[in-house]
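S.K.: Provide a 3D model corresponding to the input given below.
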Amino acid sequence: MKTPAAEQWKKVGIKHHHGVNVPVFSLKTKESSGIGEYLDLIPLIEWCSSLKLDLIQLLPLSDTNLDNSPFSPISSFCLNPLLISLSQLPYISREDESMKATRKQLQDLNSNPAVDWKQVRELKMKWMRAYHTLVNTESDLQKEFEQFKNDHKYWLGDYALFCSLKRANDWKSWKEWSLQQPATEAESFAEIEALKKKHSDDVDFFSFMQFLAFKQMGQVRQFAESKNVLLKGDIPFLVSMDSADVWRHRKLFNMNLTAGAPPDMYAADGQNWGLPLYNWKAMEEENCEWWRKRLEVASNLYHVYRVDHIVGFFRVWGVPVGKKAIEGSFQPSDESLWITEGEKHLRMLLESSMMLPIGEDLGSIPPEVRICLQRLGICGTKVLRWERLWDEEGQPFIPTADFNRDSMTTVSTHDSETLDLWWTEKKEEAEAYAIAKGWTFDPAKLMTEYRQEILKESHTTPSLFHVNLLNEYLALDEDLVHQDAQLERINVPGTLVDTNWAYRMRPTLEEVRSHPKLEEAMKNLRSHPDV
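M.R.: Sure, this is the predicted structure:
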């Protein structure tokens, strides 16, 4: 592909790539501590490799503090310490009886059908603080730790101090902190260093958690490469207002506008996500260092990455602070600038990293945006059931043979219903799909042979990437999924419910790897000659 992304394509290979998509927190092994953990990816990689699947897509792995959504990180650089694999940590044999009891409580949570974030957070952080005290004087770890701090000095100190100050202020937003703490970027280096010294124990703890998390994800990447499996990360387009990024780099963000969406058929009054827009002028004055550093850190973990809400690089709905979403407007306001600005930003991403980007371009996207993505060599995303000629009579489905190669085909997303829920809850859409396929539509249940055909079609389109949620594959055997189909859904956008971001796979990965029926069904899905 002779495009600006040519070098990135060369690294991953211009061929068909097949894989699974999963939130790490959803994984489960016999060693897990109440939540999926980084090293649980090792048996998943082995399973994928055995089936000749060569890509694993992950939801964002950032620390989200007290929020469960991986799209609300408190830093764009960090990893979530709650996903650290406890059983594989150095010097684990030294844990005392209290630590063993806490870890047993965590492992008991593995029997829950969903992730209990509150319990996991309380128990795991209690254990991790005890572990930090146990090993923080070990010379071999300290040498590695010091090197890690030096390698990540652009963001690590700010993140660790931010976490420390949040803890000292009862986890309130930085906007509610006392006046003794820095309120603007003009605060002197000396004052920041004084705060780090004042909170040195916590700063060291939060930094050490990042060291352990990055160390384990480094192991995962190394193992994946040994099995010729690509890791696909996820880079959220926006960042939380209550984040270390905004706190310490305020001038890089437009604090007067928050992102959202204009009124549409799904939200008559529009949407306000409460996330600050970027100040691209200020970013460019610093040669987009913040973005470049962000991708540099991610490139140590991933080979490919999903660009969340990629249309936002072209234009984004901005809502003035204190106003309703319907009172917002697209930024830039001059529509003639959208493609020029978007292409400039995306070229910057390509120049900054050898990871191949794959855009999330779902929803209402100006046609010129997709033309630009193709010109740059950046894949878009095709969700089979949504690929229709929406402006034509009857809204016919687009033949999959017409999909462009530089795209990724999938049957669902973390924000959508699973196939089972779609079939029974979106009956009109499902029936239209069934009619297009020449199937008999039974609204009560998606028949096994229809599921197999849908999944198989997702693996046989011209797209070069074919990736589906792990639970869509597990549903090939109904014994491997929850009887309550709602427990299989990862997120319902626009809602605040406990089941969001709490999905946990029903079987352990050990059970999945020793399941001949699933193995046979998986092998029957692929027919591309280069797989």
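
S.K.: The stretch 1-150 of the chain: helices as residue ranges?
M.R.: For the stretch 1-150 of the chain, applying DSSP state H, counting those that start in this stretch gives helices covering 6-12, 41-50, 97-108, 117-135, 139-151.

S.K.: Can you name the residues in contact with the third one?
M.R.: Read that as helix 97-108. Defining contact as Cβ atoms under 8 Å, 6 or more residues apart in numbering, one finds that helix 97-108 is touched by 32-34, 86-87, 95, 120, 123-124, 126-127, 130-131, 134. All C-beta spots, glycine's among them, are computed from the backbone N, C-alpha and C.

S.K.: rerun that using 10 Å as the cut-off
M.R.: Applying Cβ atoms under 10 Å, 6 or more residues apart in numbering, the contact partners of helix 97-108 are 30-35, 86-87, 92, 95, 119-120, 122-124, 126-128, 130-131, 134.

S.K.: ok so, going back, any idea which of the helices of the stretch 1-150 of the chain is most buried?
M.R.: Highest mean neighbour count among the helices of the stretch 1-150 of the chain (mean count of other Cβ atoms under 10 Å): helix 41-50, with a mean of 20.

S.K.: so what does that one touch, helix or strand wise?
M.R.: The helices and strands touching helix 41-50, judged by 3 or more Cβ pairs under 10 Å, 6 or more residues apart in numbering; DSSP states H and E, are strand 17-22, strand 55-58, helix 200-226, strand 230-235, helix 470-474, helix 509-513, helix 516-523.

S.K.: Quick one: residues contacting Leu61.
M.R.: 23-25, 38, 70, 73, 78-80, 83, 213, 217, 233-234, 298, 301-302.

S.K.: picking that back up, let me have the helices of the stretch 1-150 of the chain in CSV, adding mean pLDDT as columns.
M.R.: Below are these laid out as CSV (pLDDT from 0 to 100):
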stretch, mean pLDDT
helix 6-12, 97
helix 41-50, 98
helix 97-108, 98
helix 117-135, 97
helix 139-151, 96
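
S.K.: and Ser333, which of those is closest to it?
M.R.: Closest of the helices of the stretch 1-150 of the chain to Ser333 is helix 6-12, at 32.5 Å (criterion: Cβ to Cβ).

S.K.: List the contacts of that closest one.
M.R.: 1-3, 14, 54-55, 230, 232, 303-304, 350, 353-357, 377-379, 406, 464-465.

S.K.: I'd guessed Lys175 sits against Pro276; true?
M.R.: No: in this structure, Lys175 is not within contact of Pro276 by Cβ atoms under 10 Å, at 11.9 Å.

S.K.: what's the overlap in contacts for these two?
M.R.: In terms of Cβ under 10 Å, 6+ apart, Lys175 and Pro276 are both contacted by the residues 241, 246.

S.K.: more neighbours, the two?
M.R.: In this comparison of Lys175 against Pro276, neighbours counted by other Cβ atoms under 10 Å, the higher total goes to Pro276 at 24 against 10.

S.K.: returning to that earlier point: cross the contacts of Leu61 against strands and list the overlap.
M.R.: Cross-referencing the contacts of Leu61 with the strands (criterion: DSSP state E) gives 233-234 as the overlap.

S.K.: now the contacts of Leu61: which count as buried?
M.R.: 23-25, 38, 70, 73, 78-80, 83, 213, 217, 233-234, 298, 301-302 (16 or more other Cβ atoms under 10 Å).

S.K.: For the lowest-mean-pLDDT helix or strand in the chain, buried residues please.
M.R.: Of all the helices and strands that make up the chain, helix 189-198 has the lowest average by mean pLDDT, DSSP states H and E, namely a mean of 87. Along helix 189-198, these residues count as buried under the neighbour rule (16+ other Cβ under 10 Å): 195-196.

S.K.: Who are the packing partners of that helix?
M.R.: With contacts taken as 3+ Cβ pairs under 10 Å, 6+ apart, helix 189-198 sits against helix 156-168, helix 200-226.

S.K.: Quick one: mean pLDDT for the first one?
M.R.: Right, the one you point to is helix 156-168. The average of the pLDDT scores along helix 156-168 is 96.

S.K.: cool, the longest one as well?
M.R.: Along helix 200-226, the predicted confidence averages to a pLDDT of 98.

S.K.: again with stretch 269-280
M.R.: Per-residue pLDDT values over stretch 269-280 give a mean of 93.

S.K.: Stretch 81-94 too?
M.R.: Mean pLDDT, taken over the full extent of stretch 81-94, equals 97.

S.K.: and if you look at stretch 464-471?
M.R.: Confidence for stretch 464-471, expressed as mean pLDDT, is 98.

S.K.: Need the CA coordinates for it. PDB is fine.
M.R.: Included here for stretch 464-471 are C-alpha records, laid out as PDB according to Å, rounded to 0.1, in the frame of the first residue of the first chain:
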ATOM      1  CA  LEU A 464      -7.600  -7.300   6.000                       C
ATOM      2  CA  PHE A 465      -8.700  -7.400   9.600                       C
ATOM      3  CA  HIS A 466     -11.400  -9.700  11.000                       C
ATOM      4  CA  VAL A 467     -11.900  -9.300  14.800                       C
ATOM      5  CA  ASN A 468     -14.800 -10.200  17.000                       C
ATOM      6  CA  LEU A 469     -15.500 -10.100  20.700                       C
ATOM      7  CA  LEU A 470     -14.400 -13.200  22.500                       C
ATOM      8  CA  ASN A 471     -17.900 -13.800  23.900                       C
END
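
S.K.: Begin at 56, not 1, for the rest of this chat.
M.R.: Yes, from this point I'll number from 56; that puts the last item at stretch 519-526.

S.K.: What are the buried residues along it?
M.R.: Residues of stretch 519-526 classed as buried under the neighbour-count rule (16+ other Cβ under 10 Å) are 519-526.

S.K.: Same check on stretch 300-313?
M.R.: Buried residues in stretch 300-313, counting neighbours by 16+ other Cβ under 10 Å, are found at 300-305, 307-309, 312-313.

S.K.: and the closest residue to Phe217 other than its chain neighbours, how many neighbours?
M.R.: Counting by Cβ to Cβ, 6 or more residues apart in numbering, the nearest residue to Phe217 once its immediate chain neighbours are dropped is Ala299, at 3.8 Å. Using other Cβ under 10 Å as the criterion, Ala299 is surrounded by 28 other residues.
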